[in-house]
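> Fold the following and give me the result.
(2 chains)
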Amino acid sequence: MNALLAAQGIDPWIAFCSLVTVVITVGMGFWTAGKSKSAGDFFVAGRSVSVGWNASAISGEYLSAASFMGVAGMVMATGYDALWYPVCYACGYLFLLLFIAGPLRRFGAYTIPDFAEGRYDSPMFRKIAVCFVLFIGFFYTMPQMKGAGTTLAYIFPGLPYWAGVVVVGAVITLNVSLGGMKGITLVQAFQYWLKVFAITLPIFVLAAVVGHYQQHLAVNKTAQESTVTAVPGIERKALPAKAPKDEAWIAPFGKLTTKAVDASIAAASTPEEKSALEANKKPYSLLYTYSLIIALVCGTAGLPHILVRFYTNPDGVAAKRTTMWVMILIGVFYVFPPVYGVIGRSLTPELYDAVGAKGTDKVVLELPTLLAGRDHPLLGSVLSGITCAGAFAAFMSTFSGLLVSMSSALAHDIYGRMLKPDASPEQRLKAFKWAALIVGIVAVGLGSQVEALEINFMVGQAFAIAAASYFPLLFMSVWWRGMTMKGAATGMLVGGLSALAAITLTSVSDVAVAKAKKFTDAAELAAYWADHPLAKGIADYWVAHPLARILCEQPAVWAVPLSILLMIFVSKATAATVPADIRMKMLVLHAPEALGLKQEYIKEHEGLGGH
Amino acid sequence: MSESSPTPEAIHSDAFLARLMRDQLKLSIACALCFAVALVALPLLNYYQPAFMAQRVFGFTLTWLILGVLFFPFVWIISYVFIKRSIALEDAEAKAAQDGLTK
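Next up is the predicted model:
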């Protein structure tokens, strides 16, 4: 068996660890499926999950392929600027904690669309809110699918990227349609601990053999240092031409934030143009950094698959405690992925030359195998197997969570509320299963198209859309009693859709440019661009207007204020339509539970509270 | 938590709601400001003081050490302080509302 696997380039340990993860995940899904009887169990796990379990489950759901593989890959590819991703992924929870977690739980709705309808007494607004669950959800599933395709292509070298996407998509869809929310709570809590184990153990062993985090950073020369510092025991492979230089990599305002201006400089025809662009490089880079920070911090507070988890807390105080523990659990995790990126830059620089599923996104999987070349062949395979298991846990848990929230939106909001309000609980459960199947198929279809895009970059875009739509909605609805439905809907729609449009423009041209790079023959390249005039037009426009490119790639800096301002202006203009019982709604959001105002938005008589 | 519930008149007044929201929002904004100052300041320091931020500390550059390692415990401290104070605030509000009844 081993010989057979080896003949196909498959490491038996890696295959074994990955298989065990999948079997445990699916097994737990089946096991808990028997316990998930009611709709309440399916949608919010019976609102009975303890702080420890819930914090582990939220962390397990949140630490996606972007966190596990993408952050390391991006730090390796672009350096310091990529550190903003893990930091803001973790610290964004602070905004959620400070402004949203407690009130949202007190309000007692199942989902964001429930909240939207309950806060504004408007079924119409529910429909708009549901659309954004799907928009953000699908944007977020694409990078998870890329993680799945990349990992399976790594384990089974002959397997095409799309096959990995299909296999993982099918397994998780089956799992979710069996267990619902209660099924995945347990699975995700388990997967958090698996991911922490899988990211820490290999890097501790690796650092003991090949050198520590700071030692590998020390061998990268800063602009202020005249020579490279030699660190005893740290060896470094030569960097390929494609890799960023040390000075740009280790310092802020590097490749990630300057690539739009760099592309324009490369295309500039006169020295004057070049120097004008050079002068703008650093200010634009600062703008990019701030926009990225806003997107990630505000976006965390607006992710539907995370927000839905706050309804599984017993009360508002538990929701706050859970959020604090989540910040600690994920903060501990996020210290480690950049370590892989830093050590990977020293020891696996060949990844800079590869693209798609073979590029820097797989540094977490690749790095432990270096031990094999240092007289620890078995250890290298076992540790690489462990990181593969972690990667599986990462994209499986996040995809499961997204699938639950999107399927809930379809089954609970669209089917149960709009299409067939008198549906029985059994019919709703059946609808949930069908919805999971539909969402799973669409996600696999989308995921198979994005091999060329970086995992972490795609997740950042989902955050930007959430930041410009749900975050302003929740923040303003919770804290401003003067908000009207029209104000909320206008702000959310215009902010969210303009961010979505801006991001889609950059992604469409980036995918086309990545495909164009594969052509070596000039005639073929010209023919390719002739077939894609729109993408060519957008790509050329970016080169001519780097600032526009930055503002479209990172739209949060204008889309979030736009959304909030629209909410204020339109609400002021339609002040007569503030819900009549606004004081009661605000009391329910803000008064401590001890005052006995708590109410569940979803009532027993609607057939959903059978727990 | 108290067993008895206050009457609607005590807690359904505009003054009670306004005070409730103001106190909670004040605490949230104070904590958010600590966080926001750090988020705004770090890129600015990188921008205007690149040499200072690039100095080596234990092999890291100063800015890498702050962002890659120290930022996490900083945010945990803010969240811990917030949780403590916010729960104390809720208890005090609940108690004040109850006391208002017995007067």
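
> wouldn't residue A:405 be in contact with residue A:399 here?
No. If you go by Cβ atoms under 8 Å, residue A:405 and residue A:399 don't touch, sitting 11.1 Å apart. Where C-beta positions appear, they are placed from N, C-alpha and C, glycine not excepted.

> next helix or strand past the helix-or-strand element of chain B with minimal mean pLDDT?
Sorting the helices and strands of chain B by mean pLDDT, DSSP states H and E puts helix B:8-11 at the bottom, at a mean of 59. Using DSSP states H and E, the next helix or strand after helix B:8-11 towards the C-terminus is helix B:14-48.

> The helix or strand that that next one is followed by packs against which elements?
Scanning forward in sequence from helix B:14-48 by DSSP H and E, the next helix or strand is helix B:50-53. Applying 3 or more Cβ pairs under 8 Å, 6 or more residues apart in numbering or on different chains; DSSP states H and E, we find helix B:50-53 packed against helix B:14-48, helix B:62-65.

> Which elements pack onto the longest one?
Right, the one you point to is helix B:14-48. helix A:84-95, helix A:271-300, helix A:582-590, helix B:50-53, helix B:62-65, helix B:71-102.

> check whether the fifth one contacts chain A.
Yes. For helix B:62-65, a contact with chain A is found by Cβ under 8 Å from any Cβ of the partner chain, at B:63-64.

> for chain B, which spans come out with low pLDDT?
For chain B, the stretches flagged by pLDDT under 70 are B:1-12, B:100-103.

> on that earlier part again, point out the most buried one among the helices and strands packed on helix B:50-53.
Highest mean neighbour count of those: helix B:62-65, a mean of 22 (counted as mean count of other Cβ atoms under 10 Å in any protein chain shown).

> Would you mind listing the residues in contact with the residue of chain B found nearest chain A?
Proximity to chain A, evaluated over chain B using Cβ to the nearest Cβ, is greatest for residue B:59 at 3.1 Å. Residues in contact with residue B:59 (Cβ atoms under 8 Å, 6 or more residues apart in numbering or on different chains) are A:212-215, A:217-218, A:231.

> would you say residue A:234 is within a helix?
No. Applying DSSP: H, G, I helix; E, B strand; the rest coil, one finds residue A:234 to be coil, outside a helix.

> Of the helices and strands packed on helix B:50-53, give the one that comes closest to residue A:147.
Residue A:147 lies closest to helix B:62-65 among the helices and strands packed on helix B:50-53, at 25.8 Å (Cβ to Cβ).

> what does that closest one rub up against?
Under the criterion Cβ under 8 Å, 6+ apart, residues A:80, A:83, A:217, A:250, A:252, B:42, B:45-46, B:52-58 lie in contact with helix B:62-65.

> Then stretch A:507-516?
Stretch A:507-516 is contacted from outside by A:355, A:449-450, A:452-453, A:458, A:461, A:525, A:528-529, A:532, A:534-536, A:538-539, A:542, using Cβ under 8 Å, 6+ apart.

> try it again with 6 Å
Stretch A:507-516 has contacts (Cβ atoms under 6 Å, 6 or more residues apart in numbering or on different chains) with A:452, A:528, A:532, A:535, A:538-539.

> next one: stretch B:66-77
Residues outside stretch B:66-77 that contact it (Cβ under 6 Å, 6+ apart) are A:83, A:87, A:91, A:94, A:328, A:331, A:338.

> Swap in 8 Å and give it another go.
If you take Cβ under 8 Å, 6+ apart as the criterion, stretch B:66-77 is touched by A:80, A:83-84, A:87, A:90-91, A:94, A:324, A:327-328, A:331-332, A:334-335, A:338, B:35, B:38, B:42, B:60.

> how long is stretch A:397-416 from one end to the other?
End-to-end distance for stretch A:397-416, by Cα to Cα, to the nearest Å: 26 Å.

> one step back: list just the nearest of the contacts of stretch A:507-516 to residue A:517.
For these, the nearest to residue A:517 is residue A:452 (8.8 Å; Cβ to Cβ).

> Not counting its neighbours along the chain, what's nearest that closest one?
Nearest residue to residue A:452 in three dimensions, chain neighbours excluded: residue A:514, at 3.5 Å (Cβ to Cβ, 6 or more residues apart in numbering or on different chains).
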